[in-house]
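K.L.:
With the sequence up front, the predicted model follows.
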Amino acid sequence: MVENIKVTFLGTGSSIPTARRNHTAALIQYKNEMILLDCGEGTQRQFRKAKISMGKITRILLSHWHGDHSLGLPGLLSTMIMGGYGKNLKVYGPRGSKKKMRDFLDLFGIDPGKLRLEVFEVEDTVFFDEGDFILEAKSQDHSCPVNGYSFIIKEKNRIDREKLAKLKIPNSPLIGKLNMGETVEIDGKKIDGKKLLYKEKSRKISFIVDSRYNENAIALSKNADLLICESSFSKDEGDLARDHAHMTSKEAATIAKKAKVQSLALIHLSQRYDMIPKKILSEAKETFKNVIVAEDLDEIIL
Ligand SMILES: [Zn+2]
Ligand SMILES: [Zn+2]
């Protein structure tokens, strides 16, 4: 059975929130992992609305420390402490993140001893590769250090349970060997494990916010199943987008096209498109067909 990856858009607005769109945050749930991407102000309330337990967060990946991506942290961490959070919480961010986190905890009087918190500064690297998934960061082009991130489930060998059942092999360590693709002998008959295996393809989600159009964005999201990308501005506002170190709808769609992603979800819309996301959507569609403008609390299952 293929385990689902569930993406929940907790906040799809940009620097100024609206009644419809909270500040940026997205959540990836996969098996026991719950990975929060950015934590704009009010993110913990979005968790409540989505009926998802904050106590299950395992990692927080911060693109950068501008308030619309980080101001939800003090409240979220305080609530997690009050809820008796018992895991090691790992927070990843661009360079400077360790000091920023210390400053946050100090400013809001949060006792770091009450959270088993580890902060990692990551840049242009695969920074996690354990079990069946990988996390990668690539720096983007903004007015301060910003990371884009990819969550990648590795390609893996799976055993075909129907074929296995037909062989009527008693439950024994031999099944483990077949799972590894080894050849085993049962009652004098050789069974080649490789013939029972099939490849489950890898799956990838990339997350790029608060950046100008840049080549690293294309490299990071190469062949992603889902690219979550900012589209702060309309295609008519290219100069404004570059001045503010952001992207237009067309630029986000061009990244999706060049990276050959399967689908694109646009977030971080300027408040001026709050009620007319169709404008951003139709502009992006001119370049890349399989696109949505995500709304707060939307979910995508991969
Ligand atoms: Zn932002
Ligand atoms: Zn920013």
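P.N.:
Okay, I see it. Ligands and ions are numbered 1, 2, ... in the order given.

K.L.:
Name the nearest residue to residue 15, ignoring sequence neighbours.
P.N.:
Among residues not flanking residue 15 along the chain, residue 68 sits closest, at 4.7 Å (C-beta to C-beta, 6 or more residues apart in numbering). Where C-beta positions appear, they are placed from N, C-alpha and C, glycine not excepted.

K.L.:
Is it correct that the one you found falls within a helix?
P.N.:
Yes - per DSSP: H, G, I helix; E, B strand; the rest coil, residue 68 lies within a helix segment.

K.L.:
Can you name the residues that contact it?
P.N.:
Neighbouring residues of residue 68 by C-beta atoms under 8 Å, 6 or more residues apart in numbering: 13-17, 23-24, 40-41.

K.L.:
same deal with residue 202?
P.N.:
Taking C-beta under 8 Å, 6+ apart, one finds 152-155 in contact with residue 202.

K.L.:
And the pLDDT for it?
P.N.:
With respect to pLDDT, residue 202 scores 94.

K.L.:
backbone phi and psi for it, please?
P.N.:
In terms of degrees, to the nearest 10, the main-chain angles of residue 202 are phi -70, psi 160.

K.L.:
How about residues contacting the helix or strand hosting residue 35?
P.N.:
Element membership of residue 35, judged by DSSP states H and E, is strand 33-37. Residues outside strand 33-37 that contact it (C-beta under 8 Å, 6+ apart): 25-29, 43, 52, 56-61, 63, 133, 135, 149, 151, 207, 228.

K.L.:
go again using 7 Å as the cut-off
P.N.:
25-28, 56-61, 149, 151, 207 (C-beta atoms under 7 Å, 6 or more residues apart in numbering).

K.L.:
I'd like those residues laid out as TSV, including pLDDT and secondary structure.
P.N.:
Shown next, in TSV, are the contacts of strand 33-37 (pLDDT from 0 to 100; DSSP: H, G, I helix; E, B strand; the rest coil):
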residue	pLDDT	secondary structure
25	98	strand
26	98	strand
27	98	strand
28	98	strand
56	96	helix
57	97	coil
58	97	coil
59	98	strand
60	98	strand
61	98	strand
149	98	strand
151	98	strand
207	98	strand
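
K.L.:
A ChimeraX selection for the residues you listed, restricted to the buried ones, would help me check which they are.
P.N.:
Here is the ChimeraX selection string for the buried members of the contacts of strand 33-37, based on 16 or more other C-beta atoms under 10 Å:
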select :25,26,27,28,57,59,60,61,149,151,207
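
K.L.:
avg pLDDT for stretch 122-134?
P.N.:
96.

K.L.:
So which bits of that stretch are buried?
P.N.:
So, applying 16+ other C-beta under 10 Å, buried residues of stretch 122-134: 122, 127-128, 133-134.

K.L.:
Show me where the stretch 1-150 of the chain has its helices.
P.N.:
43-50, 67-70, 73-82, 97-107 (DSSP state H, counting those that start in this stretch).

K.L.:
Close to ligand 1: what parts of the stretch 101-250 of the chain are there?
P.N.:
By C-beta under 5 Å from the ion, the part of the stretch 101-250 of the chain that sits against ligand 1 consists of residue 210.

K.L.:
In the stretch 101-250 of the chain, what residue lies closest to ligand 1?
P.N.:
Proximity of the stretch 101-250 of the chain to ligand 1 (C-beta to the ion) peaks at residue 210, 4.4 Å away.

K.L.:
farthest residue from the center of this structure?
P.N.:
Distance from the centre of the chain peaks at residue 188, with 49.4 Å (C-alpha atoms, centre = their mean).
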